[in-house]
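**Q** I'll drop the sequence and a predicted model, then ask my questions.
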Amino acid sequence: MTHDRWSSSDPELTNALRELYAAPADEQYWDSLEARIIAFVAAGQSDETESWWAAMADMARPGLAAAAMLIFAAGAALVHSRQLEVSNAYAAVINPAPPSVEAATTRSVATGDGDFAIHYIISR
């Protein structure tokens with residue numbers, strides 16, 4: 001550990017900071033500080049201290065509002081998704097994709113009709 005931070009290269013700055021952060025010399029300051037602390041502690045004992053459930057009660061309304069907004073947004077997304085599914089299904093019925101034509105040479109002669117259907121389904 002170095003002691004460079006305790007040594008000052010600028011004595012004028014050091015003296016100014018010592019004056020600024022020096023403890024008050026007036027005895028009345030300390031007496032008034034003590035009186036303020038005791039008054040604050042006494043006021044805290046007479047009032048009901050705030051418990052964690054009181055703080056939670058204060059957050060109930062904003063929490064419920066945020067939950068309602070979240071439910072609304074999820075509902076809107078669900079409705080939008082359903083509308084897209086319906087419009088895609090409608091478009092598929094109105095404008096069907098052309099059937100894929102498979103060359104006759106790709107079908108093996110050795111496979112039966114049932115084997116061909118399974119092979120066709122698996123290849124998709």
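**A** Received, thanks.
**Q** Could you check the pLDDT of Asn15?
**A** Looking at Asn15, its pLDDT reads 88.
**Q** His119: neighbour count?
**A** Using other CB atoms under 10 Å, His119 has 13 neighbouring residues. Any C-beta I mention is one placed from the backbone N, CA and C, and that applies to glycine too.
**Q** buried sites along the strand or helix carrying Leu17?
**A** Leu17 belongs to helix 11-21 when elements are defined using DSSP states H and E. Neighbour-count burial for helix 11-21, counted by 16 or more other CB atoms under 10 Å, picks out no residue.
**Q** after that helix, next one along is what?
**A** Taking DSSP H and E, what comes next after helix 11-21 is helix 27-46.
**Q** got the CA positions of that next one in CSV?
**A** Only the C-alpha atoms of helix 27-46 are listed here, as CSV (Å, rounded to 0.1, in the frame of the first residue of the first chain):
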residue,chain,number,x,y,z
GLU,A,27,-21.2,23.2,20.9
GLN,A,28,-24.7,24.3,20.0
TYR,A,29,-24.4,22.5,16.7
TRP,A,30,-23.9,19.2,18.4
ASP,A,31,-26.7,19.8,20.9
SER,A,32,-29.2,20.7,18.1
LEU,A,33,-28.1,17.6,16.1
GLU,A,34,-28.7,15.4,19.1
ALA,A,35,-32.1,17.0,19.7
ARG,A,36,-33.1,16.5,16.1
ILE,A,37,-32.0,12.8,16.2
ILE,A,38,-33.9,12.1,19.4
ALA,A,39,-37.0,13.9,18.0
PHE,A,40,-36.9,11.8,14.9
VAL,A,41,-36.5,8.5,16.8
ALA,A,42,-39.3,9.5,19.2
ALA,A,43,-41.6,10.3,16.3
GLY,A,44,-40.8,7.0,14.6
GLN,A,45,-41.7,5.1,17.8
SER,A,46,-45.1,6.8,18.1
